[in-house]
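Participant: sequence-free structure coming up:
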Ligand SMILES: [Zn+2]
């Protein structure tokens, strides 16, 4: 999602920062805010989703953890897995060990 320097959502079709919200909905179960936007320049319509800050933090942590797993799998596929490499990869994972217990 492109945004202008002042934080406005840019039109994905023409890049114009001039858009307005034509519908707005709050999802009770997820806490997400969905907005339908209309580009004033070219009339293109698109949706944006605003995720609560605490959920974004959880999503980033999960993504970082998945990237760690992906790096470990890639090392295993290449046959270069050894204990030092595993330790180095796990050291970059903020969530290391969260699945234990
Ligand atoms: Zn546009």
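Facilitator: Done, it's in. Please read these numbers as outputs of a predicted model, since none were measured by experiment.
Participant: please parse the protein into its domains.
Facilitator: In the assignment given by automatic domain parsing, the structural domains of the chain cover 1-50, 54-91.
Participant: and those: which comes nearest the ion?
Facilitator: Each of the domains of the chain has some distance to the ion by C-beta to the ion; the shortest is domain 1-50, at 3.1 Å. Any C-beta I mention is one placed from the backbone N, CA and C, and that applies to glycine too.
Participant: could you tell me the least trusted of the domains of the chain?
Facilitator: Lowest mean pLDDT within the domains of the chain: domain 54-91, a mean of 83.
Participant: sec struct for the nearest residue to residue 25 once chain neighbours are set aside, please.
Facilitator: The shortest distance from residue 25 to any residue other than its chain neighbours is 4.8 Å, reached at residue 34 (C-beta to C-beta, 6 or more residues apart in numbering). Of the three states, residue 34 takes strand under DSSP: H, G, I helix; E, B strand; the rest coil.
Participant: likewise for residue 76?
Facilitator: Using three-state DSSP, the structure places residue 76 in helix.
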